[in-house]
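Colleague: predicted model, plus sequence, below.
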Amino acid sequence: MALTEIDRTLLKRCLTAEAGAWKDFVDRFIGLFVHVVNHAAHARSVQLRPEDVDDLCAEIFLAILDDDAAVLRRFRGRSSLATYLAVIARRVAVREMARRRKAEAFGHVHAHQASLEQAQSAARESERIEARDELRRMIQDLPETDAEVVRQYHLEGKSYREISSRLGVPENTIGPTLSRARRKLRGRTQP
């Protein structure tokens, strides 16, 4: 299927950073990305919570925006925009699921000695307290809304729905906000 005029116009609007274009893009393709994520998870027998789907969709949107929307700039119109984006979304989702599965595998190693477990538990609690304090210091430099989303999600353990309700922002913006904040915070911690 060829590129439709609607998608051609939307693509141009996004690439020229026209006001409202990104919102229209998200509205048009979020359903596709949710479908791709769910299909990729089902094909790999991965159970996803709604928050996981949101996070994966946020990663897809970040990949599209990365490097000044290079993914969109590389689109040549040889297929429909939806087909092109579905391929990109699938690659990102599969990569992220594999990364998470690997992290889970390494994170679930059990020690069999009770004394070792107790010492590690105390060390982890100390690290958690330090990490929380560090996170509080780091989010002070974020925009107010981003900082509040990070605080509620990471420090208070609120769900996307709870944060959305409390802050009066769309629930589908929480994942991208967290990803954007993480990227900013990572940039500050690297030498």
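Modeller: Structure's in. What do you need?
Colleague: domains in the protein, by residue range?
Modeller: What the record gives for the chain is the domain set 5-106, 120-189, from automatic domain parsing.
Colleague: reformat those as TSV; add mean neighbour count.
Modeller: C-beta coordinates here come from the backbone N, C-alpha and C atoms, glycine included. Listed next are the domains of the chain as TSV, based on neighbours: other C-beta atoms under 10 Å:
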stretch	mean neighbour count
domain 5-106	16
domain 120-189	14
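Colleague: quick check, pLDDT for the closest residue to P50 other than its chain neighbours.
Modeller: Spatial nearest neighbour of P50, excluding adjacent residues (C-beta to C-beta, 6 or more residues apart in numbering): Y160 at 7.6 Å. Y160 is assigned a predicted lDDT (pLDDT) of 91.
Colleague: hmm, Y160 is touching E171, no?
Modeller: Yes - look at Y160 against E171 with C-beta atoms under 8 Å: they come within range, at 5.3 Å.
Colleague: before we move on, back to that, pick out the shakiest of the domains of the chain, pLDDT-wise.
Modeller: Minimum mean pLDDT among the domains of the chain: domain 120-189, a mean of 80.
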